[in-house]
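*Asks:* model this:
(chains A and B)
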Amino acid sequence: DQQVKQNSPSLSVQEGRISILNCDYTNSMFDYFLWYKKYPAEGPTFLISISSIKDKNEDGRFTVFLNKSAKHLSLHIVPSQPGDSAVYFCAASGSGGSNYKLTFGKGTLLTVNP
Amino acid sequence: GAGVSQSPSNKVTEKGKDVELRCDPISGHTALYWYRQRLGQGLEFLIYFQGNSAPDKSGLPSDRFSAERTGESVSTLTIQRTQQEDSAVYLCASSLGALLEQFFGPGTRLTVL
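*Replies:* As a prediction, the model looks like this:
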């Protein structure tokens, strides 16, 4: 039973345009959400996070939006660059003593075309 | 400073053999995690070490899997009597504390024939 879902396995956008990656979750106990970026043959690297007390967090070209009522979050990349081409994983953790455990989605492969 | 390193980068083994995977966390990181990523899947949590506390082994899929960590340094993940379904990329991560950003190693790709 997938608690974190990334329903789009891949996304292709043109350089300079906006990339929107989506993520849905089912566990209402999740209260912290993260996006990781992964290049081939490398481990995932942390990109941006958001706590459930916020609905938006911005860091340069990257913005994460959280809609708690819909149990949905999205990552916006503006403007997209070819170097952004990678697999993006959405992850979530819950409150309580085991909030170090991250539950990951399957990832979305983003391709930014020059 | 070096990042998280893992060895070997690739391991091919025959069904039924034991394998040992190694993780060197970032120096000073007290927390260490093991994850598994099967083909086409997200990362699955396996085990968590924090300082001298008892590890959280709740993600280990069977008793064929075990892991050790000496103090706040190297960790080894051992899989006994490997099965084909154990084929995956095994990723290690470390963090300064339990609630802080996890830094991942490049992973070990395990193939069980």
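*Asks:* the closest residue to chain B within chain A: neighbour count?
*Replies:* Per CB to the nearest CB, the residue of chain A with the smallest distance to chain B is residue A:43, at 3.0 Å. Glycine gets a C-beta too; all of them are placed from N, C-alpha and C. A total of 22 residues lie near residue A:43 under the criterion other CB atoms under 10 Å in any protein chain shown.
*Asks:* that one and residue B:30: what is the separation?
*Replies:* 19 Å (CB to CB, to the nearest Å).
*Asks:* what does residue B:51 give?
*Replies:* 5 Å.
*Asks:* contacts only, for the closest residue to chain A within chain B.
*Replies:* Of all residues in chain B, residue B:104 sits closest to chain A, with a separation of 3.0 Å (CB to the nearest CB). Applying CB atoms under 8 Å, 6 or more residues apart in numbering or on different chains, we find residue B:104 in contact with A:36, A:43, A:44, A:45, B:4, B:91, B:92, B:93.
*Asks:* so which residues of chain A form strands?
*Replies:* All strands of chain A, identified by DSSP state E, fall at A:4-5, A:10-14, A:19-25, A:30-38, A:45-51, A:56-59, A:62-67, A:72-77, A:86-94, A:103-104, A:108-113.
*Asks:* chain center to stretch A:25-40, what's the gap?
*Replies:* Put simply, stretch A:25-40 sits 6 Å off its chain's centre (CA atoms, centre = their mean, to the nearest Å).
*Asks:* any idea of the mean pLDDT in it?
*Replies:* When pLDDT is averaged over stretch A:25-40, the result is 93.
*Asks:* sounds good, over and out.
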